[in-house]
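[1] below: sequence and its predicted model.
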Amino acid sequence: MAPLSESRLNELERILVEIILFGGIACLTFFTGNKKIAATYLLIITINTVFDHVL
């Protein structure tokens, strides 16, 4: 995922890593009882990821 890395992930691999990392944080936040924060975080990272891969 590092821009200057010699062994970069392809687009699909990068999306999978982002889903695992960011989705995991959202799940942990949700299960600790912070449902509104988890939903807000999930919305923000979804928008950010879509913009990152579309633009």
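    That came in fine, so what should we check first? Numbers count the residues shown, from 1 in each chain.

[2] could you give me the average pLDDT of stretch 44-55?
    Regarding stretch 44-55, the rounded mean pLDDT is 87.

[3] how distant is the helix or strand hosting Ile15 from the center of its chain?
    Assessed by DSSP states H and E, Ile15 sits inside helix 11-31. Remark: helix 11-31 is offset 5 Å from the chain centroid, using Cα atoms, centre = their mean, to the nearest Å.

[4] now for it, which elements pack on it?
    In terms of contacts (3 or more Cβ pairs under 8 Å, 6 or more residues apart in numbering; DSSP states H and E), helix 11-31 is packed against helix 35-54. C-beta here means a position set from N, CA and C on the backbone, and glycine is covered the same way.

[5] ok, Gly23 - contacts?
    Gly23 makes contact with Leu42, according to Cβ atoms under 8 Å, 6 or more residues apart in numbering.

[6] and it, how close does it get to Ile15?
    11 Å (Cβ to Cβ, to the nearest Å).

[7] now Ala39
    For Ala39 relative to Ile15 (Cβ to Cβ), the value is 21 Å.

[8] okay, now Asn48: neighbour count?
    Counted with other Cβ atoms under 10 Å, residues neighbouring Asn48 total 12.

[9] report the contact partners of the nearest residue to Ile37 once chain neighbours are set aside.
    Distance criterion Cβ to Cβ, 6 or more residues apart in numbering; nearest residue to Ile37, sequence neighbours excluded, is Thr29 at 5.6 Å. Residues near Thr29 by Cβ under 8 Å, 6+ apart: Ile37, Ala38, Tyr41.

[10] and the gap between Thr29 and Ala38?
    For Thr29 relative to Ala38 (Cβ to Cβ), the value is 4 Å.

[11] any weak-confidence spans in the chain?
    The model of the chain has pLDDT under 70 over residues 1.

[12] Ala38 contacts Ala26, correct?
    Yes. Here Ala38 reaches Ala26: they are 5.1 Å apart, a contact under Cβ atoms under 8 Å.
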